[in-house]
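Asker: have a look; sequence and predicted model below, questions after that.
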Amino acid sequence: MTDVELMQEAYKAREFAYAPYSNYMVGAALLCSDGKVYHGCNVESATDTPTICAERTAISKAVSEGRRDFIAIAIAGGRRGSISPLCAPCGVCRQVIAEFCDDDFKVVLGTTEKIKICKFGELLPFAFRINDVQ
Ligand code: THU
């Protein structure tokens, strides 16, 4: 799957975003090593705290089905009706990504017209991981 195709999957995931409070809609497409894609969207809550981001939705779906072999994630976000030039994962999502992905994990940002590729290690250098705890 190409980076643009994975971003197209993030666009599809975004269609299900539930964001009546912020009106900021986000979709994520998480690619596994066999080509399977897990989709996630943000799901907001009237009491704010339970809100979950698109990235963590996708990761939780995959991990809860036994998958941890992630090779890339694409993220698309923007106010209802438009896609931002760049929607980077929040700090909480970066920490959750660090739980399952190494510094070489590919992060596909931007839009289908203008893709920006990062390595996860650029987004969260010196990540605190399981080996630091054990
Ligand atoms: N959001 C995500 O889903 N992913 C991000 O990377 C950034 C923010 C969501 C959370 C909230 O529902 C809305 O966007 C505004 O912060």
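Answerer: Sure, I can see it.

Asker: lowest average confidence, helix or strand, in the chain?
Answerer: helix 130-133 (a mean of 94; mean pLDDT, DSSP states H and E).

Asker: which residues touch the helix ranked longest in the chain?
Answerer: Criterion DSSP state H: the longest helix present in the chain is helix 3-14. By Cβ atoms under 8 Å, 6 or more residues apart in numbering, the residues outside helix 3-14 that reach it are 25-29, 31, 37, 39-41, 54, 58, 72-77, 83, 106, 108, 110-112, 115, 117. C-beta coordinates here come from the backbone N, C-alpha and C atoms, glycine included.

Asker: if you set the cut-off to 10 Å instead, what comes out?
Answerer: Here helix 3-14 makes contact (Cβ atoms under 10 Å, 6 or more residues apart in numbering) with 1-2, 25-31, 37-42, 54-55, 57-58, 71-78, 83, 87, 106, 108-113, 115-117.

Asker: just the CA atoms of stretch 27-44, as CSV, please.
Answerer: Provided in CSV are the C-alpha atoms of stretch 27-44 (Å, rounded to 0.1, in the frame of the first residue of the first chain):
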residue,chain,number,x,y,z
GLY,A,27,-9.2,9.9,10.9
ALA,A,28,-6.4,7.4,11.3
ALA,A,29,-5.4,4.4,9.3
LEU,A,30,-3.0,2.0,11.0
LEU,A,31,-1.1,-0.4,8.7
CYS,A,32,-0.1,-3.9,9.8
SER,A,33,2.8,-5.9,8.3
ASP,A,34,0.4,-8.1,6.3
GLY,A,35,-1.3,-5.1,4.7
LYS,A,36,-4.4,-5.1,7.0
VAL,A,37,-5.5,-1.6,7.9
TYR,A,38,-7.3,-0.7,11.2
HIS,A,39,-9.3,2.5,11.0
GLY,A,40,-10.0,4.9,13.9
CYS,A,41,-11.7,8.3,14.4
ASN,A,42,-12.0,10.7,17.3
VAL,A,43,-15.0,10.0,19.6
GLU,A,44,-15.8,13.0,21.8
